[in-house]
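A.B. asks: Generate a structure from the sequence data that follows.
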Amino acid sequence: MKQIFTPDLKLSDIIDMDYNLVQVISRMGIDLRHAGLPASEACALDGIDPASFLLICNVYSFPDHRPSDSDIAAASLKDILRYLRGSHLYYTGIALRNLETAFDRLVSPCDEGRKKAVLKFFFDYKAELEKHFAREEDEVFPYVEALMEGKRPEGYTIDQFEEHHESVDEKLEDMKNIVMKYLPSECDEELKMWVLLSVYRLRDDLRRHTFVEDGILVPMVRNLENDGK
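C.D. replies: Numbers count the residues shown, from 1 in each chain. Below you'll find the model as predicted:
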């Protein structure tokens with residue numbers, strides 16, 4: 001039986017149980033110098049709601065975990081937005097940038113036609129992802145923050161976001177197939193493995209990110225909209 005993370009667990013123990021949660025800690029702005037403290041204390045020192053942090057940790061580490069209505073109601077919308085914005089910065093500022101550099105090196109031995117095709121696929125995906133995030137940053141998040149301030153912007157609801165919120169990880173399936181099947185033997189094998197692992201990690205990370213938006217943000221905002229009626 002899986003162990004759900006709880007407030008009394010030390011931050012260091014949570015990391016030991018799933019080192020991928022270092023990403024969550026970073027995106028929420030929790031100082032790793034507090035790793036020896038229980039999660040509740042570490043969060044409090046950095047002004048983070050522990051329930052929100054642990055909610056994200058649980059859905060991040062356990063893909064089949066579905067938070068209850070009470071779990072969602074106990075979380076802080078402000079801190080969920082903090083996590084989502086931190087994720088966007090990581091994807092565009094680190095993950096995609098590193099992949100871009102690696103892809104450029106990886107395809108350097110290829111003929112010009114193949115090199116151009118692979119890089120075009122990558123840059124098209126990068127542009128699509130950046131457009132997806134920009135819509136959330138410029139349209140969705142300001143709407144949510146206005147609701148949190150007691151305002152009710154006209155002409156928009158969270159249902160509209162949910163209706164048009166498409167998955168952003170599907171093309172990564174094609175990207176990993178390109179790396180595995182399309183590149184010639186002249187391409188560096190170690191670099192190919194690194195790129196492949198990075199694509200898998202980004203795919204899994206984006207799936208969790210999408211769930212936080214659809215499975216946590218949307219119901220929280222819908223509750224806020226209903227409270228304001």
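A.B. asks: how about residue 43, what does it touch?
C.D. replies: Residues near residue 43 by CB atoms under 8 Å, 6 or more residues apart in numbering: 30, 49, 50, 53. From N, CA and C alone the C-beta is placed, and that goes for glycine too.
A.B. asks: The third one: neighbour count?
C.D. replies: The one in question is residue 50. By the measure other CB atoms under 10 Å, the count of residues near residue 50 is 20.
A.B. asks: can you list the residues that contact the worst-scoring helix or strand of the chain on mean pLDDT?
C.D. replies: Each helix and strand of the chain was given a mean pLDDT (mean pLDDT, DSSP states H and E); the minimum falls on helix 158-164 at a mean of 87. Helix 158-164 has contacts (CB under 8 Å, 6+ apart) with 136, 139, 140, 143, 144, 214, 217, 218, 221, 222, 225.
A.B. asks: where's the second one relative to residue 164, distance?
C.D. replies: When CB to CB, to the nearest Å is the yardstick, residue 139 and residue 164 sit 10 Å from each other.
A.B. asks: Compare the two and say which one has the larger neighbour count.
C.D. replies: residue 139 (12 against 8).
A.B. asks: who's in contact with that one?
C.D. replies: By CB under 8 Å, 6+ apart, residue 139 lies in contact with 156, 161.
A.B. asks: now it, what's its secondary structure?
C.D. replies: At residue 139 the chain is in helix, as set by DSSP: H, G, I helix; E, B strand; the rest coil.
A.B. asks: rewinding a little: by neighbours, which of the contacts of helix 158-164 wins?
C.D. replies: Neighbour counts for the contacts of helix 158-164 (other CB under 10 Å) peak at residue 217, which has 26 neighbours.
A.B. asks: Okay, residue 73 and residue 171: tell me how far apart.
C.D. replies: Distance, residue 73 to residue 171, using CB to CB: 35 Å.
A.B. asks: quick one: which of these two has more around it?
C.D. replies: Ranked by neighbour count (other CB under 10 Å), residue 73 and residue 171 place residue 171 first, with 16 against 12.
A.B. asks: quick one: which helix or strand includes the more buried one?
C.D. replies: Taking DSSP states H and E as the definition, residue 171 sits inside helix 170-177.
A.B. asks: In that helix, which residues are buried?
C.D. replies: Buried residues in helix 170-177, counted by 16 or more other CB atoms under 10 Å: 171, 172, 175, 176.
A.B. asks: Okay, now the unreliable bits of the chain?
C.D. replies: Segments of the chain classed as low confidence (criterion: pLDDT under 70) are 1-3, 228-229.
A.B. asks: With that, I have no additional questions.
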